[in-house]
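Visitor: Here is my input, please return the structure:
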Amino acid sequence: MKHLLAFILFSIALFNCKKKIENSKPKIQNIQQTQKISDATRNYTNFWKGEYHFEASNRDEAKTVFNITINSLENISVDVTEEGTTNKYSKLRAEELNPQKIKIKYDDSPDEMGIIYIEKSDDNYFISGNPIYFINPGNNEMPLQKLKDK
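Guide: You can find the predicted model right below:
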């Protein structure tokens, strides 16, 4: 009887140890997975880094130029030149809408006139938003030149 009781207690202790070991394995895997996701996010945000240029004229030949510098998604500057007057915006942040599109709010203008979107499609970049639409109504999306990587 003593041997049976000792065997049962030993089995219970062994079972509990096995459970603790099994429960600790997923924690290690989760840490490794988080690190992989973190590395992927870092690589993903790196492709936005660079200097971008867009210019277009409206029907009245008034030229609008956007020069955008993205050091990181938390450190963006936008220079907007309209009819010869340049407004500089710095220390801006981008909102990631999806893996291929970001939103940059550079001004608190009404009707979203201070918001632009940058989208990546393969190796091409596009700029869109109300400021772009009003330059050339009917075209909400225009090619954006990526001048250089940072």
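
Visitor: what residues go with each domain of the chain?
Guide: 1-46, 49-148 (automatic domain parsing).

Visitor: tell me the mean pLDDT over the first one?
Guide: Same thing as domain 1-46. Mean pLDDT, domain 1-46: 53.

Visitor: got a list of what E95 touches?
Guide: Shown in contact with E95 (CB atoms under 8 Å, 6 or more residues apart in numbering): I102, K103, I104, K105. C-beta: built from backbone N, CA, C; applies to glycine.

Visitor: Closest to S128 out of the residues you listed?
Guide: The closest of the contacts of E95 to S128 turns out to be K103 (CB to CB; 9.9 Å).

Visitor: before we move on, the earlier item: mind checking which of the contacts of E95 are in strands?
Guide: I102, K103, I104, K105 (DSSP state E).

Visitor: does the first one really touch I115, like I thought?
Guide: No: no contact is recorded between I102 and I115 when judged using CB atoms under 8 Å, the distance being 11.0 Å.

Visitor: More neighbours: which of these two?
Guide: Applying other CB atoms under 10 Å to I102 and I115 shows that I102 carries more neighbours, namely 21 against 18.

Visitor: How many residues are close by the residue nearest to the more buried one when sequence neighbours are not counted?
Guide: Using CB to CB, 6 or more residues apart in numbering and skipping the chain neighbours, the partner closest in space to I102 is A94 (4.1 Å). Number of residues near A94 (other CB under 10 Å) recorded here: 21.

Visitor: swap in E82?
Guide: Count around E82 with other CB under 10 Å applied: 15.

Visitor: Going along the chain, name the helices of this protein.
Guide: With DSSP state H as the criterion, the chain has helices at 2-46, 130-133.

Visitor: give the contact list for R93.
Guide: L73, E74, N75, I76, I104 are the contacts of R93 under CB under 8 Å, 6+ apart.

Visitor: Tell me where the longest strand sits in this protein.
Guide: Every strand in the chain considered (DSSP E), the longest is strand 63-72.

Visitor: got the buried residues for that one?
Guide: T64, F66, N67, I68, T69, I70 (16 or more other CB atoms under 10 Å).
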